[in-house]
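Engineer: Predicted coordinates and the sequence they were generated for:
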Amino acid sequence: MRIGSDRRRDDFEINVIPLIDVLLTLLMFFVLTTTFIQHSRMQVTLPKASAEERDVQAPLLTVMIDKDGRYYVGSDEVLGEGIEPLKQMLEQNSGGRRDGQVVIRADAMTPHQYVVTAMDALGQLGFTRLSIATTPEKPGAER
């Protein structure tokens with residue numbers, strides 16, 4: 001007399017509800033801990049005045065401003081007053097590219113307004129990767 005079958009038929013099932021709970025908990029954690037950054041039209045890389053070297057790619061454009069407020073794009077002086085001649089020179093020298101790094105090199109005695117005008121011209125043309133060049137600080141120098 002055979003009461004039971006020799007083979008046990010256990011139906012295996014995977015319960016996915018705990019997996020979904022873990023997934024939703026992780027999702028909530030990442031959403032709540034993410035830093036939300038307000039993206040502006042113009043991204044500026046703030047200068048670091050330390051003496052350490054960094055791997056920096058060659059800039060697409062270099063805008064130089066002397067202490068008298070004269071602008072130079074590359075080695076060419078921008079002739080004329082105001083923002084329009086600067087924008088025209090930037091367009092000529094960029095070759096239509098807007099994705100490259102732009103370095104602003106301003107004299108330490110340059111009024112802040114000239115630097116802001118250069119940044120405004122670059123922003124109006126669609127450049128977003130700006131950097132302000134600094135001179136490395138000498139170790140042990142007093143401030």
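Structural biologist: Sure thing, it's come through. Numbers count the residues shown, from 1 in each chain.

Engineer: Now do the helices in this structure.
Structural biologist: Assigned by DSSP state H, the chain shows helices spanning 17-33, 83-94, 112-125.

Engineer: Between those helices, which one is closest to D68.
Structural biologist: Distance to D68, taken as CB to CB, is lowest for helix 112-125 among the helices of the chain, at 9.0 Å. For glycine as for every other residue, the C-beta is placed from the backbone atoms N, C-alpha and C.

Engineer: on that earlier part again, can you redo the helices of the chain as a markdown table with mean neighbour count?
Structural biologist: As requested, the helices of the chain are exported to a markdown table (neighbours: other CB atoms under 10 Å):
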| stretch | mean neighbour count |
| --- | --- |
| helix 17-33 | 9 |
| helix 83-94 | 16 |
| helix 112-125 | 16 |
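
Engineer: low-scoring stretches of this structure, by residue?
Structural biologist: Across the chain, the ranges flagged by pLDDT under 70 are 1-10, 35-57, 135-143.

Engineer: and the gap between I14 and L26?
Structural biologist: Plainly put, I14 is 19 Å away from L26 if you go by CB to CB, to the nearest Å.

Engineer: got it, and M89?
Structural biologist: 52 Å.

Engineer: For D120, which residues are in contact?
Structural biologist: I83 (CB atoms under 8 Å, 6 or more residues apart in numbering).

Engineer: any idea how far Q113 is from it?
Structural biologist: In this view, D120 and Q113 are 10 Å apart by CB to CB.

Engineer: And E81, by the same measure?
Structural biologist: 13 Å.

Engineer: Find the nearest non-adjacent residue to L60, please.
Structural biologist: G100 (2.6 Å; CB to CB, 6 or more residues apart in numbering).

Engineer: what's around the one you found, how many residues?
Structural biologist: 14 (other CB atoms under 10 Å).

Engineer: Can you list phi and psi of it for me?
Structural biologist: The phi/psi pair for G100 (degrees, to the nearest 10) reads phi -80, psi 170.

Engineer: I'd assumed L90 was in contact with it.
Structural biologist: No: in this structure, G100 is not within contact of L90 by CB atoms under 8 Å, at 11.7 Å.
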